[in-house]
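Undergrad: Below are the sequence and a predicted model for it; my questions follow.
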Amino acid sequence: MSRPRTLKSPKLGPITFTPGDVIRFPEGLPGFESFTKFLLVTRSECAPFVFLTALDQPEIALPLLPPLLVQPGWTPPVEPPADAARDDLAWYVVVIIAPRAEALVANLRAPIRINLRDRIGCQVVLDDERVPLTAPLGAGRP
């Protein structure tokens, strides 16, 4: 069994993890192409948000939400890879502060897919302009 390590994140505090917790993004993420190893970090005080934190640059901690919390009825935009069952996949959307800081918004046009079994992730960038880049949180809720 691997020994736990600690990553010191200026935003999230100390993060204890093992090598088996690392999620590899072979192609990086748009804007963060040089970073390929991340941790999915939860903090109870921040729920339901989780954070995708770069192992080599712990200042990078992208806030994520499951897309169903942003858009009820959301379905994955692409079929799972042939070697992954739907149960192996977790989907997230990146949350940002909207321009002029008037709201929190989620990018539904570029969801993040993580294969939990293989610990491999990617950001799926969609060409469909009908899918919002900046969906306000709470929009679409009754």
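TA: Everything's here; your move.

Undergrad: And the helices in this structure, which stretches?
TA: Under the criterion DSSP state H, helices of the chain are mapped to 67-70.

Undergrad: which stretches of it have low pLDDT?
TA: 1, 80-81, 83, 98-101, 138-142 (pLDDT under 70).

Undergrad: out of all of them, which strand in this structure is the longest?
TA: strand 104-115 (DSSP state E).

Undergrad: chain center to that one, what's the gap?
TA: The chain centroid and the centroid of strand 104-115 are separated by 7 Å under CA atoms, centre = their mean, to the nearest Å.

Undergrad: Going by neighbour count, list what's buried in it.
TA: Leu104, Val105, Ala106, Asn107, Leu108, Arg109, Ala110, Pro111, Ile112, Arg113, Ile114, Asn115 (16 or more other CB atoms under 10 Å). C-betas here are computed from N, CA, C, even on glycine.

Undergrad: Tell me the one among the residues you listed nearest to Leu126.
TA: Arg109 (5.1 Å; CB to CB).
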